[in-house]
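A.B. asks: Quick one, fold the following:
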Amino acid sequence: MTSTAPDVRPEPPRSPDDRSLTEFGYRQELHRSLSRYASFAAGFSFISVLTTVFQFFAFGYAFGGPVFFWTWPAVLLGQLLVAACFAELAARYPISGAIYQWSSRLSNRTFGWFAGWIMVIGQIVVVAAAALALQMVMPAIWSGFQIVGGDPTPTSPTGAANAAVLGVILLVLTTVVNSLDNRVLSVVNRVGVTAEIIGAILIIVLLLTHSERSPGITFHTAEGSTDLLGALLVGSFMAAYVMIGFDSAGEMSEETHQPRRTAPRTILTALGAAGLLGGLIVLGGLLAAPSLTDGKLGVDGLSYVLTSSLGDGVGRVLLADVVVAIAVATLAIQTSACRMLFSMARDGQLPFAGRLAKVNPRTGMPTAPALVVGVLAAALLLLNFASPEAFLAIGTTCIVMLYLAYAMVTGPLLMRRLKGTFPTDGTDGTDGTDETGKPLFSLGRWGIPVNALALLYGLFMTVNLAWPRAEVYDPAGGHWWFQWFTLLFLLATVATGLLYRLTRNRGALPAGDTAPVPPGQP
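C.D. replies: Numbers count the residues shown, from 1 in each chain. Predicted coordinates for the structure are as follows:
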């Protein structure tokens, strides 16, 4: 389907914040109302340690045993390297659709489009995966939440089906909120993140004060395990799944006050805070678990630890806080995907671009992307009715998609650094300062080594996560498509994108085009 780019001639800037957008040839259409804490909340709620740690703790422990704890600091270090690179880019390009915009400006239009395409599809899968996390906690709070069947275990047929039902209900709610005023969205995010941080601290304190063993247990492998490296590689899935989405603070730049100054700091602080809290929760869960050998920790995860160690009353109250975190995380991830769709559509780079790029002038929200993301994520949840293995397949696929999209930013950025053409003062549409007149965030002489390590880490984890291990993705056998689901889904995504690129606007984008900016750039 052919689509033309909308008129993106800038209107006269109304404020320094708006000017940071009009410099790139875009009008200020989204409402700029987010404070620094709201920007932090956008990144932290996407990461959402309570959502993701509770969702994948059982999986990490089942494969790695207590030693899987050490995959947490390793992944955190790798992602901090990536986040540092993103912080530099957020200061220079404070635009919605961060991954797409950054990759396009660092490489070329076609490569940047594929980075954005893979990222937005990955974000839609993350929305579905986050919504599935309700199954890990809601039936543990009250058995009445097990609407379908009697076995709440996510890997059982009834548990998987119930997860899909709860997930669809949540997606209806988040889609409604993502269609309202962004001030409502901001309030929901801030309240939810505050509740999550308070809940996480309470969980950490209570778990550590109910310890049954010493931290030395983290050097033990799973019972009967002889392959330590393999256990750690698979055990790292949990940490890899948790620590993604910190770039959301950059996604919300067009709605943030002083984005050049705020976004770089909130990208790093969101990841740092989530990394610290999540690591302590994992450690506390291992220390406070009633038993490490009864098999329950590898099936029910942290929900089992809370209700068993802290009692049903306190445990269920804390699990209720986890439900809030899951809801807010799903909302934030959907918001991030909406901004990516909006940004690409604004440049005429998607089917139905005119509709997807339309912003409601009263609410300041792009409504059509919210509906598209909600419907597609709900459709993915239907896979859970087909087989319980879909739970892990969906979760791993979304991580691989995002890691690959991240590498499609850090890779071109490293090439620009090595060539000496990475934007410096005055060459990126700025005078080298943020809205307050202070120098833009920069890695300085550490740029090349940090960038190189970030790229190597990202590529390594992408391969590790996508590797078709039968014992991980198809343990029961007979479902080869789940074993290869991640690679098949990635290939289908790239093939669909390539088909669209070949059929739209033939001749409009010459082969070998190396323009470092998308159509909106003057």
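
A.B. asks: Which positions in stretch 23-36 come out as buried?
C.D. replies: 23-32, 34, 36 (16 or more other Cβ atoms under 10 Å). (C-beta placed from N, C-alpha, C; glycine too.)

A.B. asks: Sitting in helices, which of those residues do you find?
C.D. replies: Mapping the buried residues of stretch 23-36 onto helices (DSSP state H) picks out R36.

A.B. asks: which one of the buried residues of stretch 23-36 is nearest G250?
C.D. replies: Distance to G250, by Cβ to Cβ, is smallest for L34 among those, at 12.2 Å.

A.B. asks: For that closest one, report the pLDDT, please.
C.D. replies: L34 carries a pLDDT value of 88.

A.B. asks: Could you find the closest non-adjacent residue to it?
C.D. replies: Closest residue to L34 apart from its sequence neighbours, by Cβ to Cβ, 6 or more residues apart in numbering: T256 at 4.4 Å.

A.B. asks: and the one you found, what does it touch?
C.D. replies: 17, 32, 34-35, 38-39, 94, 249, 262-263 (Cβ atoms under 8 Å, 6 or more residues apart in numbering).

A.B. asks: quick one: which of these is most hemmed in?
C.D. replies: In terms of neighbours by other Cβ atoms under 10 Å, these top out with A249 at 36 neighbours.

A.B. asks: so who does that residue touch?
C.D. replies: By Cβ under 8 Å, 6+ apart, the residues touching A249 are 39-40, 42-43, 90, 256, 262-263, 266-267, 270.

A.B. asks: now swap in S103 and tell me
C.D. replies: Applying Cβ under 8 Å, 6+ apart, the residues contacting S103 are 111-112, 115-116, 405, 408-409, 412.

A.B. asks: where along the stretch 401-522 of the chain do the helices fall?
C.D. replies: 447-466, 470-473, 480-483, 485-503 (DSSP state H, counting those that start in this stretch).

A.B. asks: now the strands for the stretch 351-500 of the chain?
C.D. replies: Secondary structure of the stretch 351-500 of the chain (DSSP state E, counting those that start in this stretch): no strands located.

A.B. asks: so where is it shaky, pLDDT-wise?
C.D. replies: 388-389, 391, 423-431, 476 (pLDDT under 70).

A.B. asks: Regarding this protein, what is its longest helix?
C.D. replies: helix 312-346.

A.B. asks: What average pLDDT does it get?
C.D. replies: On average, helix 312-346 scores 92.

A.B. asks: rewinding a little: in helices only, show me the contacts of A249.
C.D. replies: Counting by DSSP H, the contacts of A249 contribute 39-40, 42-43, 90, 262-263, 266-267, 270 to helices.

A.B. asks: Output those in JSON lines, with pLDDT appended to each entry.
C.D. replies: Shown next, in JSON lines, are the ones in helices among the contacts of A249 (pLDDT from 0 to 100):
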{"residue": "S39", "pLDDT": "92"}
{"residue": "F40", "pLDDT": "94"}
{"residue": "A42", "pLDDT": "90"}
{"residue": "G43", "pLDDT": "91"}
{"residue": "A90", "pLDDT": "94"}
{"residue": "T262", "pLDDT": "93"}
{"residue": "A263", "pLDDT": "94"}
{"residue": "T266", "pLDDT": "96"}
{"residue": "I267", "pLDDT": "96"}
{"residue": "A270", "pLDDT": "95"}
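
A.B. asks: what is the mean pLDDT for stretch 156-167?
C.D. replies: 88.
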